[in-house]
Each structure stands twice: as structure tokens, then as C-alpha cells.
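Q: This is the structure alone, sequence omitted:
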């Protein structure tokens with residue numbers, strides 16, 4: 001694709017040879033003369049001067065460089081569109097594999113692709129244009145919207161509800177039992193039936209081997225546009241507001257309430273019954289056991305204000321020297 005055409009498709013302003021041909025995408029350090037790359041993080045700006053890329057997607061005010069530039073307000077999002085242009089995803093034609101098992105009472109919408117050994121159970125409902133890859137299991141009475149895409153070994157449990165344009169990556173489990181047990185007078189734990197469904201609203205993506213537990217009563221609800229990374233856990237009865245990000249290995253205990261546009265970075269832990277307001281950011285490996293007001297950025301375990309945490313961690317490395325100085329003063 002010529003750069004002029006690429007700029008038109010991406011809605012970017014081209015600075016460079018419009019006839020230069022681009023055949024693919026790559027990172028800033030690996031890109032060659034026939035590939036397009038991008039700069040979104042200022043820490044990589046110096047690499048733009050030495051890159052061999054045929055073109056670099058940058059912000060409108062980015063300094064001129066030797067390589068051609070495609071200038072756009074959101075370089076990262078524009079690069080994502082470029083990747084989609086050059087990467088040919090597998091296509092799954094409508095049809096039902098002969099080894100798939102679909103219960104006579106299940107309802108499957110138009111143009112569905114049901115792969116090998118997939119199961120659609122009693123009373124389940126699948127909307128139009130669903131894609132179920134091999135070994136996907138839809139439990140009884142689950143209701144799923146249009147354009148559902150489930151990769152191999154994903155599971156939607158009984159009575160769960162899933163909106164339109166939802167993606168489940170490999171091994172994602174929606175509606176697994178919440179961790180609920182009650183101890184009797186003899187110290188024996190008894191399972192509490194988890195009767196409430198997990199609900200995924202529109203445009204949610206749950207990535208590989210993550211679990212969204214069902215509730216004991218009520219429901220667990222994941223708001224529209226939420227993205228949940230690999231190996232994350234959403235506990236029973238929790239709620240996550242629209243367009244929040246839950247990164248890898250996050251654990252959210254039961255009955256937590258996460259607001260809209262929240263970012264929980266890798267390995268964050270949220271204790272049960274906590275409320276995080278809209279726009280909260282918890283940095284990697286933070287843990288919280290208290291409510292957090294909207295708009296706060298917090299760090300550490302137990303987590304507190306990010307700026308204060310940065311100052312505190314800077315002081316922490318100096319503590320041995322500070323203690324020695326205090327001891328010398330005490331002796332004096």
C-alpha cells in the first residue's frame with residue numbers, strides 16, 4: 001500500500017513520499033523500510049531519529065525526522081488501525097461442525113460458526129453472528145447477544161447474560177462459582193450455593209484464563225467496554241463500571257464496587273466490599289482494603305496517595321543511613 005493511500009485510510013496527515021510502499025507494521029526498533037511504526041510514549045522519541053522504518057505515526061507537533069511521518073491526534077490508536085489493515089485474521093464461515101452438540105431447546109441466531117466439540121446446552125440463547133471455536137461450552141439457559149466471539153475452551157455458565165460484541169479469549173470462564181463457604185459449630189466449611197448470574201454488558205473482552213465469578217445472590221456485573229486481562233479474578237457480587245481496565249493478575253474480592261474508567265494495573269488486589277470511585281488508578285502491585293474517592297491515583301500495599309508513596313519509597317532506601325546518623329547523635 002502506498003503511503004498516500006495509507007494516510008487516507010488512517011485519516012493521518014502525511015509528511016513524506018506519497019509513493020513509498022508499505023507492506024506491514026513493526027515496533028520502532030525492528031521496523032524496516034517497508035514497514036510503518038509509531039511513537040506514542042515520549043521515552044522512545046529519540047529512536048525516531050535512528051529508525052529504519054518507512055514511516056512513523058506520530059502526534060501533530062512531533063519534530064521533523066528523516067523518515068516519513070503520519071501525523072494524527074492519537075498515534076497509538078492509529079497504529080492499532082494500521083495493524084488491523086495488514087494482519088489477516090482467520091475467517092470462520094457460518095456453519096456447525098458435525099461434532100458440536102446443540103440441545104434441541106437451544107436457540108442459535110443467524111450466521112453462527114460453531115466449532116468442533118463445542119456445546120450449546122439446554123435453553124441457551126445465542127445471538128446472530130456468533131463464533132464458538134472448538135471446545136467452547138455454553139451452559140443451560142445462558143443468554144448471549146450478537147457478534148459473540150469465544151476462543152477455544154471459553155465457558156459461559158448457567159443463567160449468565162452476555163451482551164453484544166463480547167470477546168472471550170482462551171480459557172475465560174464467565175459465571176464460575178463464587179468463593180462462598182460458611183463454617184458450622186464443628187469448624188466444618190459448607191458451600192453456599194452461588195445462585196446469581198454473572199452479567200457482561202456490551203463490548204466487554206475477557207482475556208485468557210480469567211474468571212468472573214457468579215454471585216451467591218444478586219449478580220456480578222461487568223459494565224460496557226470493560227477489558228479484563230489474563231489471569232484476573234473478579235469475585236462474586238462485584239461490579240465494574242464502564243470502560244475500566246483490569247490488568248493481568250488483578251484480584252478483586254467479592255462485593256467490591258469499581259467505578260467507571262478505573263485502571264487496575266498488574267497484580268493489584270482489592271479487598272472485599274471496597275468501593276473505588278470513577279477514574280481511580282491503582283499502580284502495579286498495589287493493595288487496597290478501604291474505599292477510594294473518585295479520581296485518585298494510589299500506590300503501595302496498603303495503598304495510599306501516589307505522590308506521597310513516591311516520596312516515601314525514595315526515603316525508604318535512605319533509612320539505614322538515617323538510622324546510623326540518629327544513633328551517632330544519641331551516643332554523642
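A: Happy to help now that I have it. Because the structure is a prediction, the values reported are computed rather than measured.
Q: Show me where the stretch 101-250 of the chain has its helices.
A: For the stretch 101-250 of the chain, applying DSSP state H, counting those that start in this stretch gives no helices.
Q: residue contacts, the closest residue in space to residue 201 that isn't next to it in sequence?
A: The spatial neighbour of residue 201 that comes closest, neighbours along the chain excluded (Cβ to Cβ, 6 or more residues apart in numbering), is residue 224 at 4.1 Å. All C-beta atoms are positioned from the backbone trio N, CA, C, and that covers glycine. Residues near residue 224 by Cβ atoms under 8 Å, 6 or more residues apart in numbering: 163, 201, 202, 203, 204, 242, 243.
Q: let's go with 7 Å and repeat that
A: 201, 202, 203, 204, 242 (Cβ atoms under 7 Å, 6 or more residues apart in numbering).
Q: just residue 174 next, same as before
A: So residue 174 contacts 155, 156, 157, 160, 162, 168, 198, 200, 206, 212 (Cβ under 7 Å, 6+ apart).
Q: can you do 6 Å?
A: By Cβ atoms under 6 Å, 6 or more residues apart in numbering, the residues touching residue 174 are 156, 160, 198, 212.
Q: Cross these against strands and list the overlap.
A: Among the contacts of residue 174, the ones falling in strands (DSSP state E) are 156, 198, 212.
Q: What distance do you get for the residue nearest to residue 201 to residue 207?
A: 17 Å (Cβ to Cβ, to the nearest Å).
Q: one step back: now a ChimeraX select for only the buried ones of the ones in strands among the contacts of residue 174.
A: Here is the ChimeraX command that selects the buried residues among the ones in strands among the contacts of residue 174 (16 or more other Cβ atoms under 10 Å):
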select :156,198,212
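Q: would you turn the ones in strands among the contacts of residue 174 into JSON lines with pLDDT and distance to residue 124?
A: Listed next are the ones in strands among the contacts of residue 174 as JSON lines, based on pLDDT from 0 to 100; distance: Cβ to Cβ, whole Å:
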{"residue": "156", "pLDDT": "98", "distance to residue 124": "8"}
{"residue": "198", "pLDDT": "98", "distance to residue 124": "15"}
{"residue": "212", "pLDDT": "98", "distance to residue 124": "18"}
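Q: could the ones in strands among the contacts of residue 174 be laid out in JSON lines, adding distance to residue 101?
A: As requested, these are exported to JSON lines (distance: Cβ to Cβ, whole Å):
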{"residue": "156", "distance to residue 101": "15"}
{"residue": "198", "distance to residue 101": "23"}
{"residue": "212", "distance to residue 101": "24"}
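Q: and which of the ones in strands among the contacts of residue 174 is nearest residue 75?
A: Checking those against residue 75 with Cβ to Cβ, the nearest one is residue 212 at 32.3 Å.
Q: Looks like the closest one contacts residue 233 (just checking).
A: No - applying Cβ atoms under 6 Å, one finds residue 212 not in contact with residue 233, separated by 8.4 Å.
Q: just to revisit the earlier point, what is the nearest of the ones in strands among the contacts of residue 174 to residue 219?
A: In terms of Cβ to Cβ, no member of these lies closer to residue 219 than residue 198, at 7.0 Å.
Q: For that closest one, which residues are in contact?
A: Per Cβ under 6 Å, 6+ apart, neighbours of residue 198: 160, 174, 175, 212, 214, 220.
Q: and this structure, what are its domains?
A: 3-86, 95-308 (automatic domain parsing).
Q: Please state the offset of stretch 133-151 from the chain centre?
A: Mean C-alpha position of stretch 133-151 versus that of the full chain (Cα atoms, centre = their mean, to the nearest Å) differs by 19 Å.
Q: Residues contacting that stretch, please?
A: 115-132, 152-170.
Q: Is it possible to mark the buried ones in these?
A: 115, 118-121, 123-127, 129-132, 152-170.
Q: Now, these that are in strands?
A: Per DSSP E, the buried ones among the contacts of stretch 133-151 map to strands at 119, 120, 125, 126, 131, 132, 155, 156, 161, 162, 167, 168.
Q: Quick check, pLDDT for the third one.
A: The pLDDT attached to residue 125 in the predicted structure is 98.
Q: got the contact list for it?
A: 107, 143.
Q: Identify the bridge partners of it.
A: Beta bridges link residue 125 to residue 107, residue 143, judged by DSSP bridges.
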